[in-house]
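A.B. asks: kindly return the folded structure for what I paste below:
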Amino acid sequence: MTSAGSHLSGVWSQVTELQIVRGHGCRVVDVNGHEYLDFTSGIAAASTGHAHPKVVEAIREQAARIVHAQINVYRHDLLDPLADRLAEITPEGIDTFFFDSSSDTVIEAAVKLAKHATGRRNVVVFDGAFHGRTHYALAMSTSRSIDREGYGPLPAGVLVAPFPDPHASDQEAEVSRALRALDRIFSTQVAPGEVAAIVIEPVIGERGYIPTPQAFISGLAARCAEYGILFIADETQSGFGRTGRMFACEAFDVAPDIICMAKGIASGFPFAALGTRRELDDRWRTGSHSGSSNGNPLGCAAALATISVLTDPGFLDNVRARGDQLIDALRDFQQLDQALLHVRGRGLMVATEFDTPERAQAIVEHCLREHRVILMTAGTRNRTVRWIPPLVVTSDEINEALHAFSAAIRATG
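C.D. replies: Got it, this is the predicted structure:
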């Protein structure tokens, strides 16, 4: 909530009322000098932690050379090195990159590219997905009604298909049901030959950190191949090591046509990238899309430094180990209280789902108030506590957060 007399907008919701002045690693420090263990990472953005020395130095060095080099006017010397580095680490076939400044705008760019590349005008997304808050990205998002309320009519050409219910007892049957529903959309609402792209998150984010089933991804990829539909992977939250792989879609035997990257790509610096194949980019009409901050040199410097950290030998091994440590302990906690219904996740993108939103919120508040551990909720019904610490988190810091969480379960039960 914005304080009385403030000139700041009140539109932003707040997880905490903390006023912070600095951060280091997995911790932030408030105006009173109190340290908090931050298990939100700025909503999965601070991949290398707060103020990682390599990232700070890269930004400082670049800022002394040039801060803004508008890409339509002239090119700076970090654009090609970053594109080359991304070509090395992104899924097979991705070799051409467009740079943007946010997850919302890069999703919009991906849809525009898909429309130009295919000559088609419609996209398919999935129930509970969140792709952003700009107008078209919002039309693609159905995780919460509050995000859409009062903003209609939203742009047309977006079809929302069912996503498999993660709580269904027969997952194979549930995946088949969801794929049949998509086929029915193709039969009754839009011909597949008029669909430019299918857009999906490998881990459904704001609905409650739900890993997309392998069989569902495979079924979507098969339909894309059959009908000439482009497969767009929204990795804006799950990419750059968050799931223990550089990209979550690496867990599937599917190569996206377009991949959207943001958040962790530059350790939280506002930067985003779209990756695609050269043959598709060649169909994107020159001059038809751009932005004033595309390819910002500070963002490129931050991204190159971030990638350097994430690709250090053993880094992703530690992410997977810390994720296993966290998930194993959280599943043990299910014995403490039957209200903790589900534990799920990949790497350090983990969810604990409770029976009511009130209980989830009480636990988050207790962790903050009594243990100075910052967690946040997610999910359509807001009853999921999500765990997204910086990827540099240590075993001791995982244990510190787990201690706070177990104490909160007992105190609020």
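
A.B. asks: can you map out the strands along the stretch 1-150 of the chain?
C.D. replies: 20-24, 27-30, 35-38, 96-100, 122-126 (DSSP state E, counting those that start in this stretch).

A.B. asks: so what strands line up beside the fourth one?
C.D. replies: Read it as strand 96-100. strand 272-276 (antiparallel) (DSSP bridges).

A.B. asks: can I get the CA coordinates of the strand it pairs with in CSV?
C.D. replies: What follows is strand 272-276, C-alpha atoms only, in CSV (Å, rounded to 0.1, in the frame of the first residue of the first chain):
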residue,chain,number,x,y,z
ALA,A,272,14.7,-10.1,-22.3
ALA,A,273,15.5,-12.2,-25.4
LEU,A,274,13.6,-14.1,-28.1
GLY,A,275,15.4,-17.0,-29.7
THR,A,276,14.3,-18.6,-33.0
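
A.B. asks: contact partners of it?
C.D. replies: The contact list for strand 272-276 (CB atoms under 8 Å, 6 or more residues apart in numbering) reads 86, 90, 94-103, 105-106, 109-110, 113, 236, 257-262, 265, 303. C-betas here are computed from N, CA, C, even on glycine.

A.B. asks: give me the contact list for the helix or strand that comes right after it.
C.D. replies: Moving toward the C-terminus from strand 272-276, the next helix or strand (DSSP states H and E) is helix 278-281. Around helix 278-281, the neighbours that count as contacts under CB under 8 Å, 6+ apart are 95, 96, 98, 113, 117, 230, 257, 258.

A.B. asks: among these, which ones are in helices?
C.D. replies: Under the assignment DSSP state H, the contacts of helix 278-281 contribute 113, 117 to helices.

A.B. asks: and the contacts of helix 278-281, which is closest to residue 210?
C.D. replies: residue 258 (21.8 Å; CB to CB).

A.B. asks: hang on, the closest one packs against residue 229?
C.D. replies: No: when contacts are counted by CB atoms under 8 Å, residue 258 is not listed as touching residue 229 (11.5 Å).

A.B. asks: which residues do the two both contact?
C.D. replies: residue 197.

A.B. asks: ranges for the helices of the stretch 51-200 of the chain?
C.D. replies: 53-63, 79-89, 103-118, 135-139, 171-188 (DSSP state H, counting those that start in this stretch).

A.B. asks: now do stretch 270-288: distance from first to last residue.
C.D. replies: End-to-end span of stretch 270-288 (CA to CA, to the nearest Å): 23 Å.

A.B. asks: tell me the centre residue of the protein?
C.D. replies: The centre of the chain sits closest to residue 237, judged by CA atoms, centre = their mean, with a distance of 1.3 Å.

A.B. asks: identify the residues contacting that one.
C.D. replies: Contacts of residue 237 by CB under 8 Å, 6+ apart are 43, 44, 103, 201, 203, 205, 262, 263, 349.

A.B. asks: swap the cut-off to 7 Å and go again
C.D. replies: Contact partners of residue 237, counting by CB atoms under 7 Å, 6 or more residues apart in numbering, are 44, 205, 263.

A.B. asks: what's the burial count for the residue nearest to residue 130 when sequence neighbours are not counted?
C.D. replies: Once flanking residues are discounted, residue 130 sits nearest to residue 206: 3.6 Å by CB to CB, 6 or more residues apart in numbering. Residue 206 is flanked by 22 other residues according to other CB atoms under 10 Å.

A.B. asks: returning to that earlier point: checking the residue nearest to the centre of the chain next. Helix, strand or coil?
C.D. replies: coil (DSSP: H, G, I helix; E, B strand; the rest coil).

A.B. asks: how far away is it from residue 369?
C.D. replies: 27 Å (CB to CB, to the nearest Å).

A.B. asks: could you do residue 393 as well?
C.D. replies: Distance from residue 393 to residue 369, by CB to CB: 22 Å.

A.B. asks: more neighbours: the two, which one.
C.D. replies: residue 393 (27 against 11).

A.B. asks: can you tell me the element the more buried one falls in?
C.D. replies: Here residue 393 is assigned to no helix or strand, by DSSP H and E.

A.B. asks: tell me who's in contact with it.
C.D. replies: 26, 322, 348.

A.B. asks: please redo it, this time with the cut-off set to 8 Å
C.D. replies: Contacts of residue 393 by CB under 8 Å, 6+ apart are 26, 49, 322, 348.

A.B. asks: show me the two of the residues you listed that sit farthest apart.
C.D. replies: 49 and 322 (12.7 Å).

A.B. asks: pick the most buried one from the helices of the stretch 51-200 of the chain.
C.D. replies: Of all the helices of the stretch 51-200 of the chain, helix 103-118 has the most neighbours on average by mean count of other CB atoms under 10 Å, namely a mean of 23.

A.B. asks: tally of neighbours for residue 328?
C.D. replies: The burial count for residue 328: 10, using other CB under 10 Å.

A.B. asks: in the stretch 251-400 of the chain, which spans are strands?
C.D. replies: Going by DSSP E, counting those that start in this stretch, the stretch 251-400 of the chain shows strands at 258-261, 272-276, 340-346, 349-354, 373-374, 376-378, 384-387.

A.B. asks: quick one: closest of those to residue 67.
C.D. replies: The minimum distance between residue 67 and the strands of the stretch 251-400 of the chain falls on strand 272-276, with 18.1 Å, by CB to CB.

A.B. asks: relative to helix 103-118, how tilted is the closest one?
C.D. replies: Strand 272-276 runs at 20 degrees relative to helix 103-118, counting by axes from the mean of the first three to the mean of the last three CA atoms, to 10 degrees.

A.B. asks: these two touch, right, residue 61 and residue 301?
C.D. replies: Yes: between residue 61 and residue 301 there is a contact under CB under 8 Å: 7.1 Å.

A.B. asks: what sits against residue 290?
C.D. replies: So residue 290 contacts 71, 72 (CB under 8 Å, 6+ apart).

A.B. asks: how about a cut-off of 6 Å?
C.D. replies: If you count contacts by CB atoms under 6 Å, 6 or more residues apart in numbering, residue 290 has them with residue 72.

A.B. asks: how much space is there between it and residue 71?
C.D. replies: Look at residue 290 and residue 71: by CB to CB, they are 7 Å apart.

A.B. asks: low pLDDT regions in the stretch 1-150 of the chain?
C.D. replies: 1-2 (pLDDT under 70).
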